[in-house]
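Student: Next input, structure requested:
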Amino acid sequence: MASACTNATTTVRSVRLFRIDGFSLVSSTMGHDECFKFRWDVDGYEWELHCFPSYFSAVWLKLMFLSDADATCNVRASLGYLLVHPGLDGLSQERRTSDVFKRPNDCTQQVYLVNKVDLPVPSRSSDDHLTVQCTITILKDLPEVPTSVPVPTSNLHLHFGELLRSGTGADVTFLVSGESFLAHKLILAARSPVLMAEFFGHMREASSPNVVIEDMEPAAFKAMLHFLYTDTVPELDHELQAVAPMAQHLLAAADRYGLDRLKVLCEGKLSGGITIDTAATTLALAEQHNCSHLKTKCIEFIISTPAVFDAVVATEGYRHLEASCPSALTSILLSMRGRRY
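Tutor: Numbering: from 1, shown residues only. Down below sits the predicted model:
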C-alpha cells in the first residue's frame, strides 16, 4: 500500500556576504565587547548580525532579532556562517546555530568563527579584509488546511423576517384594535398548533382572509408575529423594568397560541426581576398561565422576609391576586408553614 507524506512546514532562506575592509587595523583597535553591526530583512522580519573582531583574540558572531514575533507563534530561525577568504580552504566549513525568537533583542548565543592568528597576513592592503557568508533560514508553519468547507451560519430567520416585513404572498390579515397585520397562514400554522387548527381545521377562520384578534395589544401581537417568523424576540433584549409589560402580554399570548418556547423566554425574563410592586401581579399571571417556575420564584420572593411580605400585601396587585387567584394565596400559606423568621 502506498504511503503519503504531507509537509507541515516550509522554509525561507536568505544568503548575504558581509565584508570588513582594513580588518587587521580596525580589529586591533576595538575592545572585546565592540562589534560591527549589519541589518538584514528576511521574510518581513528585521535581523542584525553582530561581528566581534577582537573577542579574546578570535572573531565571534551573534544574530539578534529586532521585530515582534507573531501573536500566534514564535519565530524559529537558524544562522549559517562561512568564512570566505583565499587560502583558508581548510577553515572554510559552514557551521550553524539555531534558536527560537519571541521578542525584540532576542539573540543566538555567540558563535566562534576563526582565531585571528589563523588568518593569513595580507600581502597588500586590498587583501586586508574579512568576508563572511551568512545564511538565515526561517522555518514557518504552513497554515492549517481546513478538512471541510466552512458552512455559513443559518440566515433563514432573516429571510422569513423580510417576508413578514414585505408582506409578499400574504394570505391573511389580522385586525388588532384598529391595526392590521399581513401574514402567511402556512408559516403561522407550522409554528402554532392553535393557528393550525384555526386555518386548516373546521373553524370559521379556515377560509376567511381576515381574522379579528380580541384582548391583545397590537404591539404584543406584532412581537408575537415576529417570533413566529424568526424565533427571536428583540423586545425582550432590554432591562426588565423597561420590558416587563411586554413580557407579561407576550407570556399570555404564548400560552393562548401554544408557543412553548416564547412562553419560557417570557417566564425567564420575568423571573429575573421580581420586585415588591410586581410580585403579586406576576404571581397571578403565573397562576393563570400555568408557569410553575415563575410561580415558585414569586412565592420565594414574597415570603423571603416579614418586611417584604407585609409590603407586598399592601400593594394593589395583591388585592387583585386575592380576587382573581385565591389558589395562589393557598400556595403562599403552604410555603410559609414551618418557616421561621
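Student: Using the three-state scheme, assign the residue sitting furthest away from the middle of the chain.
Tutor: In the chain, counting by CA atoms, centre = their mean, residue 123 sits farthest out from the average C-alpha position, at 68.8 Å. Put simply, residue 123 is coil when judged by DSSP: H, G, I helix; E, B strand; the rest coil.
Student: Tell me which residues touch it, please.
Tutor: For residue 123, no contacting residues are found, by CB atoms under 8 Å, 6 or more residues apart in numbering. (Each C-beta comes from the backbone N, C-alpha and C, glycine too.)
Student: From residue 46, how far out is it?
Tutor: Distance, residue 123 to residue 46, by CB to CB, to the nearest Å: 38 Å.
Student: now residue 182
Tutor: Noted for residue 182: a distance of 64 Å to residue 46, by CB to CB.
Student: Residue 216 now?
Tutor: In terms of CB to CB, residue 216 sits 69 Å off from residue 46.
Student: Between those two, tell me which one has more neighbours.
Tutor: Shown here are residue 216 and residue 46; by other CB atoms under 10 Å, residue 216 has more neighbours (17 against 14).
Student: The more buried one - that's part of a helix, no?
Tutor: No. Going by three-state DSSP, the assignment for residue 216 is coil, not a helix.
Student: All the helices of this structure, residue numbers only.
Tutor: 23-28, 156-166, 185-191, 193-200, 218-230, 240-257, 260-271, 279-288, 292-302, 306-313, 316-324, 326-336 (DSSP state H).
Student: deepest of those helices, which one?
Tutor: For the helices of the chain, the largest average neighbour count (mean count of other CB atoms under 10 Å) is found in helix 279-288, namely a mean of 23.
Student: Okay, angle between that helix and helix 260-271 too, please.
Tutor: With axes from the mean of the first three to the mean of the last three CA atoms, to 10 degrees applied, the angle from helix 279-288 to helix 260-271 works out at 160 degrees.
Student: Can you show me the CA trace of helix 279-288 as PDB?
Tutor: Taking C-alpha atoms only, helix 279-288 is exported to PDB below (Å, rounded to 0.1, in the frame of the first residue of the first chain):
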ATOM      1  CA  ALA A 279     -44.600  40.200  42.800                       C
ATOM      2  CA  ALA A 280     -48.300  39.800  43.300                       C
ATOM      3  CA  THR A 281     -49.400  40.700  39.700                       C
ATOM      4  CA  THR A 282     -46.600  38.400  38.300                       C
ATOM      5  CA  LEU A 283     -47.800  35.600  40.600                       C
ATOM      6  CA  ALA A 284     -51.300  36.000  39.400                       C
ATOM      7  CA  LEU A 285     -50.000  35.800  35.800                       C
ATOM      8  CA  ALA A 286     -48.000  32.700  36.600                       C
ATOM      9  CA  GLU A 287     -51.000  31.000  38.200                       C
ATOM     10  CA  GLN A 288     -53.400  31.800  35.300                       C
END
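Student: for it, packing partners?
Tutor: Packed against helix 279-288, as judged by 3 or more CB pairs under 8 Å, 6 or more residues apart in numbering; DSSP states H and E, are the following elements: helix 240-257, helix 260-271, helix 292-302, helix 316-324, helix 326-336.
Student: Just put those helices in JSON lines and tack on distance to residue 278.
Tutor: Supplementary listing: the helices and strands packed on helix 279-288 in JSON lines, determined by distance: least, CB to CB, whole Å:
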{"stretch": "helix 240-257", "distance to residue 278": "7"}
{"stretch": "helix 260-271", "distance to residue 278": "8"}
{"stretch": "helix 292-302", "distance to residue 278": "9"}
{"stretch": "helix 316-324", "distance to residue 278": "7"}
{"stretch": "helix 326-336", "distance to residue 278": "14"}
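Student: Quick one, which of those gets closest to residue 134.
Tutor: Among the helices and strands packed on helix 279-288, the nearest to residue 134 by CB to CB is helix 260-271 (66.5 Å).
Student: Flag the shaky bits of the stretch 201-341 of the chain, pLDDT-wise.
Tutor: 203-207, 336-341 (pLDDT under 70).
Student: want to throw the helices of the chain into TSV with distance to residue 101?
Tutor: Shown next, in TSV, are the helices of the chain (distance: least, CB to CB, whole Å):
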stretch	distance to residue 101
helix 23-28	28
helix 156-166	47
helix 185-191	59
helix 193-200	65
helix 218-230	51
helix 240-257	53
helix 260-271	52
helix 279-288	62
helix 292-302	57
helix 306-313	64
helix 316-324	69
helix 326-336	67
